[in-house]
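**Q** Just the structure for this:
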Amino acid sequence: MTFISLQYALFLLVLFAAYWLVPLRWWRLFIMLAGSLIFYASLQIWYIPLLLVGALFNYCLAMAIGEPLDWRIANESWNRRRLLLLWIGICLNVLLLLGFKYVPFLLSSIGTLFNWPLAIDGADWVKSHVIAPLGLSFFCFECIAYLIDVYRGAPAATSLLHFAAYKLFFPKLISGPITRYHNLIYQLKTQEFPTPDRISEGLWTIAFGAVKKGLFADNLGIYVDLSFTNLQRAGSEDLWLAIFAYGLQLYLDFSGYVDMARGTALLLGWYLPPNFDFPYFSASIADFWRRWHMTLGDWLRNYLYFPLGGSRVGLWRTCLNLSIVMLIAGIWHGAAWGFIVWGGLHGLALAVHRLTDVLFKRLRIEFLWENPIGIAIGWLLTQAMVFASWIFFRLPDLKDSGWVISHLWGHTADVQFAEKVYGEALGLERVHLTWMLAALAAAMVGNYALSRGLKLELNWPLKLVLVPLCLYAVWVLAPEGGLPYIYFDF
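**A** Numbering: from 1, shown residues only. Below is the predicted model:
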């Protein structure tokens with residue numbers, strides 16, 4: 001059961017009715033928890049015990065880490081004990097993540113480096129026999145954030161039902177957005193049946209996300225998959241188109257998922273934080289990371305960058321901190337060298353941006369970037385870097401990504417590539433696809449201009465009218481069966 005399916009529509013309808021028919025908040029949380037388990041069971045039922053045990057463990061550990069009620073026992077030995085418990089929690093959550101997602105990568109890397117066939121065979125065995133739980137990265141990151149918040153003085157959850165309902169809340173369980181316990185559970189105190197405009201907003205957000213994912217991202221994904229699975233036959237122009245198409249696909253796929261998650265939460269009386277803010281209109285790499293996967297960026301800042309010293313430890317140390325944080329972000333996204341390179345490139349770009357920003361301010365020439373020409377140049381450089389780095393994100397095997405980079409200029413496509421991909425699979429020519437991608441980019445510009453420039457929004461009656469039209473368009477025009485959500489792998 002995925003967000004774009006008839007099963008999910010029926011599931012959400014039944015859950016919505018059951019949730020709001022019950023007057024007691026305690027029963028509502030129980031219904032939401034049961035619904036979350038049913039949703040996850042439709043995808044990976046065998047990992048439900050692991051998630052429940054993980055939630056119970058972090059709940060109990062946070063209770064032990066929490067500040068004592070009696071100030072007389074809040075002494076140095078107590079604080080050392082709390083710090084030790086915090087590190088135990090962080091390490092166990094990280095080890096859980098490493099055990100499921102990174103063991104094959106570590107074994108194959110060690111086996112290749114030291115020429116140990118046994119390690120390589122072990123990596124192959126783990127790959128073929130162990131499937132990582134969906135949403136494990138998001139689950140572990142939220143647990144780490146919760147433990148650190150409690151250690152810093154936030155109150156620990158006193159109700160296991162509250163904590164389990166938060167941890168397993170199905171809209172955000174698999175691919176985020178990453179949320180904090182205290183921000184989400186605080187909403188329970190003021191939760192009321194949604195008003196008509198809030199219901200229309202929830203339905204519209206779901207429909208808009210379905211259009212992003214089913215209508216645009218999945219159709220783009222067909223071309224992207226065909227191009228990157230036939231690298232040796234694709235020409236330079238095809239590779240450029242595929243890179244651009246993948247950048248759009250990734251954004252529309254992930255932001256579409258988040259839209260549907262946020263719309264679902266609105267119908268149930270919850271507000272999830274936004275995760276994207278027009279990232280492809282950023283004029284600097286720092287601004288890009290304030291707009292792309294915003295909840296991950298918030299996590300990285302609060303639980304990695306600031307503890308490392310942030311920007312308070314000198315210029316060069318700040319640049320080092322930025323590089324370390326982005327390397328960890330790359331590792332979090334996947335167990336392959338391509339993700340590490342992707343994170344390293346973004347870390348390098350952030351460090352260069354910080355250095356040039358400081359230099360321009362000292363020379364008092366920062367105005368060069370504040371005029372329309374400077375902004376345009378900054379936007380062009382930023383997006384060139386972002387889209388170029390997507391090569392390693394889509395092709396984490398360095399042999400494949402290196403092949404693409406070395407063939408971006410002067411490489412002619414195989415004759416059969418055009419016939420099979422454009423003729424048979426897509427039913428159009430390369431120039432037509434180029435114009436379609438340009439039209440999609442223009443539509444994104446128009447959406448940005450209306451919402452940011454003119455600050456126009458549809459009223460709720462019009463949104464209700466458009467909802468069935470959007471869902472019908474997805475039903476008719478989306479690829480049969482749909483493509484997997486890209487961030488399910490992370």
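**Q** next SSE after the helix or strand of the chain with the lowest mean pLDDT?
**A** Sorting the helices and strands of the chain by mean pLDDT, DSSP states H and E puts helix 117-129 at the bottom, at a mean of 75. Later in the chain than helix 117-129, the nearest helix or strand by DSSP states H and E is helix 136-151.
**Q** Relative to the whole chain's centre, how far out is that next one?
**A** How far helix 136-151 lies from its chain's middle: 16 Å, per C-alpha atoms, centre = their mean, to the nearest Å.
**Q** residues making contact with that helix?
**A** Residues outside helix 136-151 that contact it (C-beta atoms under 8 Å, 6 or more residues apart in numbering): 51, 54, 58, 61-62, 65-66, 82-83, 86, 89-90, 93-94, 96-97, 100-101, 133, 156, 167, 172-176, 178-182, 296, 299, 302-303, 332, 490. The C-beta positions use only the backbone N, C-alpha and C, and glycine is treated the same way.
**Q** Equivalent analysis for stretch 420-430, please.
**A** For stretch 420-430, using C-beta under 8 Å, 6+ apart, the contacting residues are 222, 223, 226, 227, 230, 237, 238, 241, 418, 433, 436.
**Q** So for it, what gets flagged as buried?
**A** Residues 421, 422, 426, 430 are the ones in stretch 420-430 that count as buried (16 or more other C-beta atoms under 10 Å).
**Q** Helices - which of those residues land there?
**A** Among the buried residues of stretch 420-430, DSSP state H puts residue 430 in helices.
**Q** Residue 376: which of the buried residues of stretch 420-430 is nearest?
**A** Closest approach to residue 376 among the buried residues of stretch 420-430 (C-beta to C-beta): residue 430, at 27.6 Å.
**Q** if we can go back for a sec, and the least confident helix or strand of the chain, what does it pack against?
**A** The contact analysis (3 or more C-beta pairs under 8 Å, 6 or more residues apart in numbering; DSSP states H and E) places helix 117-129 against helix 103-114.
**Q** residues in contact with the helix it packs on?
**A** The contact list for helix 103-114 (C-beta under 8 Å, 6+ apart) reads 98, 116-120, 122-124, 126-127, 130, 335-336.
**Q** what residue is smack in the middle of the chain?
**A** Nearest to the mean C-alpha position of the chain, by C-alpha atoms, centre = their mean, lies residue 293 at 5.4 Å.
**Q** quick one, what contacts the residue nearest to it when sequence neighbours are not counted?
**A** Sequence neighbours aside, residue 275 is the residue nearest to residue 293 in space, at 6.0 Å (criterion: C-beta to C-beta, 6 or more residues apart in numbering). Residue 275 sits next to 176, 177, 254, 255, 258, 293, 294, 295 when contact means C-beta under 8 Å, 6+ apart.
**Q** Just the buried subset of these, written out for PyMOL, thanks.
**A** Listed next is the PyMOL selection for buried residues among these, using 16+ other C-beta under 10 Å:
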select buried, resi 176+177+254+255+258+293+294+295
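**Q** Mind checking which of the contacts of residue 275 are in helices?
**A** Here DSSP H is the test, and those give 254, 255, 258, 294, 295 as lying in helices.
**Q** could those residues be laid out in CSV, adding pLDDT?
**A** As requested, these are exported to CSV (pLDDT from 0 to 100):
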residue, pLDDT
254, 94
255, 95
258, 95
294, 95
295, 94
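**Q** Any chance of the residues you listed in CSV with distance to residue 322 as columns?
**A** As requested, those are exported to CSV (distance: C-beta to C-beta, whole Å):
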residue, distance to residue 322
254, 23
255, 25
258, 25
294, 17
295, 19
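**Q** List just the nearest of the residues you listed to residue 287.
**A** residue 294 (11.7 Å).
**Q** ok, now which ones touch the closest one?
**A** Contact analysis of residue 294 by C-beta under 8 Å, 6+ apart lists 177, 273, 274, 275, 276, 277.
**Q** do you know how far residue 46 is from residue 40?
**A** Remark: distance between residue 46 and residue 40 (C-beta to C-beta, to the nearest Å) = 10 Å.
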